[in-house]
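> curious how this folds, go ahead:
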Amino acid sequence: MNEVTAKRLVEFLSQARLEALVKRTGDTSRAIELHQEILALGCELMKVIAIAEIALRNTVVANLTRHFGAGNWLQRSPGNFSWRKCEVDSIDRATKMPDERLTQS
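So this is what the prediction gives:
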């Protein structure tokens, strides 16, 4: 990476953000490279976290469905359980929102 490119990237990323990495690497260019590597690692971790979150959510839904004996426990409070008003409002807003994933091309 040339000096001009490094200076422009520092402007975009900010000196404050890179300061700790420059201290570790001793070099602005290497600090920028390390910053990019950290971002890439974060992206890779998010793939795993997203799958784990979906699996956990699906497991919770399956267990609550089995526990309450009804598949619509989110929209209708089952038996001796009732949602608070703020929860009902949140559920109503969420169920009225269009699912953008279905409309994307």
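> elements contacting the helix or strand hosting Ala40?
Assessed by DSSP states H and E, Ala40 sits inside helix 28-68. Counting contacts by 3 or more CB pairs under 8 Å, 6 or more residues apart in numbering; DSSP states H and E, helix 28-68 packs against helix 3-13, helix 15-25. All C-beta spots, glycine's among them, are computed from the backbone N, C-alpha and C.
> quick one: contacts of whichever helix or strand comes after it?
Downstream of helix 28-68, the next assigned helix or strand under DSSP H and E is helix 85-96. With contact meaning CB atoms under 8 Å, 6 or more residues apart in numbering, helix 85-96 is reached by Leu74, Gln75, Trp83.
> next up, the contacts around the first one.
Which is Leu74. Ile91.
> any idea how far Asn2 is from it?
56 Å (CB to CB, to the nearest Å).
> over to Trp73?
Counting by CB to CB, the gap from Trp73 to Asn2 is 60 Å.
> same drill for those two, tell me which one is more crowded.
A direct count of neighbours by other CB atoms under 10 Å for Trp73 and Asn2 places Trp73 higher, at 17 against 8.
> that one: what's its closest spatial neighbour, skipping adjacent residues?
Once flanking residues are discounted, Trp73 sits nearest to Leu64: 5.8 Å by CB to CB, 6 or more residues apart in numbering.
> next one: Glu33
Excluding its sequence neighbours, the residue lying closest to Glu33 (CB to CB, 6+ apart) is Met1, at 7.4 Å.
> run a quick neighbour tally on the one you found.
Neighbours of Met1 using other CB under 10 Å come to 11.
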